[in-house]
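**Q** no FASTA, just this:
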């Protein structure tokens with residue numbers, strides 16, 4: 001509800017603890033099939049063993065893949081992504097390789113701390129055919145690819161994009177909100193009358209000078225903003241649900257709203273500003289948008305010419321009879337999408 005989606009490869013959301021819950025879904029490849037070639041591309045090939053380890057990595061990067069990663073069409077898509085990242089990282093500039101590797105090293109160092117403290121996750125990695133060295137390699141290749149794409153975007157391209165899309169940037173809003181959900185933090189139903197009463201209580205405290213940061217932590221049921229004072233900065237109001245969108249567009253700047261009802265609950269809102277200047281945040285966002293578009297263009301235009309063959313994709317594995325159902329995190333009462341592209 002509160003912001004558009006960000007590409008999953010832009011930031012690696014490595015939810016390592018989630019892997020423990022999803023480990024039953026991980027499937028390695030049989031030893032006899034490990035060296036089968038699943039893809040041939042210009043300058044190299046991918047074996048079933050490599051592909052199995054990369055699929056395990058993808059499940060760790062984005063747990064939503066866990067239940068679908070072995071579907072034939074998804075396997076082929078992930079395999080093409082694997083080849084594309086390998087090709088693009090290999091052809092990256094020396095500067096991109098240096099900067100990307102530094103970012104990857106920093107990221108892996110944080111992950112390593114979690115791994116060293118979590119034997120269950122290490123076992124899940126082993127069962128999925130993924131070593132720490134392979135994980136580090138995959139992170140490095142992704143960071144180098146992204147850094148190279150970023151470095152190729154020029155200041156003139158960034159400015160031209162902003163000028164062409166100025167109306168979009170002018171329509172953006174920076175808004176704070178505290179959500180009193182129709183489900184509480186434990187996902188238990190909350191009667192509408194109770195939610196409204198609590199929302200009015202929050203409004204009264206804010207109008208009396210209450211601190212947004214403290215009150216959001218205490219009251220808000222929006223997991224995406226409760227820890228940041230309810231803040232969504234420079235967001236596209238068209239990505240909001242209808243009532244929230246209308247309030248974001250029409251509320252006087254700086255005024256604390258009456259509770260705004262959506263299907264998620266009651267929101268107490270304040271619009272801090274409208275429009276986004278051509279500032280550093282806008283420039284960085286545009287650079288990432290343009291670099292992502294360049295990767296997309298490579299995937300659609302050039303990669304099909306470089307991949308010679310895809311074959312021997314592993315069949316969909318049968319569920320383990322001892323596997324227990326994996327837990328799923330409760331959905332946020334607001335948007336389930338990630339931050340801006």
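**A** Structure received. A quick note: this is a predicted structure, and the numbers were derived from the prediction, not measured. Numbers count the residues shown, from 1 in each chain.
**Q** can you name the farthest residue from the center of this structure?
**A** No residue in the chain sits farther from the centre than residue 208, which is 36.7 Å out by C-alpha atoms, centre = their mean.
**Q** Show the pLDDT at it.
**A** Note on residue 208: pLDDT of 98.
**Q** okay, now residue 250: neighbour count?
**A** Other residues near residue 250 come to 10 when the count uses other C-beta atoms under 10 Å. (C-beta placed from N, C-alpha, C; glycine too.)
**Q** For residue 78, which non-adjacent residue is closest in space?
**A** Take residue 78 and drop its neighbours on the chain: the residue closest to it by C-beta to C-beta, 6 or more residues apart in numbering is residue 58, 5.8 Å away.
**Q** Please enumerate the helices of the chain.
**A** Here the chain has its helices, by DSSP state H, at 16-22, 48-61, 72-90, 94-116, 119-127, 132-151, 155-164, 166-170, 192-207, 212-219, 242-250, 280-297, 303-306.
**Q** Let me know which of these is tucked in deepest.
**A** helix 48-61 (a mean of 23; mean count of other C-beta atoms under 10 Å).
**Q** I'd like to know which elements that helix is packed against.
**A** For helix 48-61, the packing partners by 3 or more C-beta pairs under 8 Å, 6 or more residues apart in numbering; DSSP states H and E come out as helix 16-22, strand 37-41, helix 72-90, helix 132-151.
**Q** Now with 6 Å, please.
**A** helix 132-151 (3 or more C-beta pairs under 6 Å, 6 or more residues apart in numbering; DSSP states H and E).
**Q** what inclination does the helix it packs on have with respect to helix 280-297?
**A** Interaxial angle, helix 132-151 versus helix 280-297 (axes from the mean of the first three to the mean of the last three C-alpha atoms, to 10 degrees): 110 degrees.
**Q** Rounded mean pLDDT for helix 132-151, please.
**A** For helix 132-151, mean pLDDT rounds to 97.
**Q** Could you do stretch 166-183 as well?
**A** 96.
**Q** Just the buried residues of it, please?
**A** 169, 172-183 (16 or more other C-beta atoms under 10 Å).
**Q** Tabulate the helices of the chain (JSON lines), appending distance to residue 234.
**A** Formatted as JSON lines, the helices of the chain follow (distance: least, C-beta to C-beta, whole Å):
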{"stretch": "helix 16-22", "distance to residue 234": "29"}
{"stretch": "helix 48-61", "distance to residue 234": "26"}
{"stretch": "helix 72-90", "distance to residue 234": "29"}
{"stretch": "helix 94-116", "distance to residue 234": "24"}
{"stretch": "helix 119-127", "distance to residue 234": "36"}
{"stretch": "helix 132-151", "distance to residue 234": "20"}
{"stretch": "helix 155-164", "distance to residue 234": "13"}
{"stretch": "helix 166-170", "distance to residue 234": "8"}
{"stretch": "helix 192-207", "distance to residue 234": "22"}
{"stretch": "helix 212-219", "distance to residue 234": "17"}
{"stretch": "helix 242-250", "distance to residue 234": "12"}
{"stretch": "helix 280-297", "distance to residue 234": "7"}
{"stretch": "helix 303-306", "distance to residue 234": "33"}
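**Q** Of all those helices, which one comes closest to residue 236?
**A** Closest to residue 236 of those is helix 166-170 (C-beta to C-beta; 7.2 Å).
**Q** Show residues contacting that closest one.
**A** Defining contact as C-beta atoms under 6 Å, 6 or more residues apart in numbering, one finds that helix 166-170 is touched by 275, 276.
**Q** Stretch 131-143 now?
**A** Applying C-beta under 6 Å, 6+ apart, the set of residues contacting stretch 131-143 is 9, 53, 57, 85, 89, 100, 101, 103, 104, 107, 108.
**Q** could you measure the nearest residue to the last one once chain neighbours are set aside against residue 289, distance?
**A** In space, and not counting its chain neighbours, residue 108 is closest to residue 136: 4.9 Å by C-beta to C-beta, 6+ apart. Look at residue 136 and residue 289: by C-beta to C-beta, to the nearest Å, they are 28 Å apart.
**Q** Would you mind measuring the gap between the ends of stretch 88-100?
**A** 12 Å (C-alpha to C-alpha, to the nearest Å).
**Q** so how far is it from its chain's centroid?
**A** 23 Å (C-alpha atoms, centre = their mean, to the nearest Å).
**Q** quick one: average pLDDT of it?
**A** If you average the pLDDT values across stretch 88-100, you get 98.
**Q** Provide the contact partners of it at residue level.
**A** With C-beta under 6 Å, 6+ apart, stretch 88-100 has contacts from 141, 143, 144, 145, 147, 148, 151.
**Q** switch the cut-off to 8 Å
**A** Outside of stretch 88-100, the residues within contact range by C-beta atoms under 8 Å, 6 or more residues apart in numbering are 140-149, 151, 295, 298.
**Q** Kindly reformat those residues as CSV containing distance to residue 188.
**A** CSV is the format used below for these (distance: C-beta to C-beta, whole Å):
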residue, distance to residue 188
140, 44
141, 44
142, 39
143, 41
144, 46
145, 44
146, 41
147, 45
148, 48
149, 45
151, 49
295, 43
298, 47
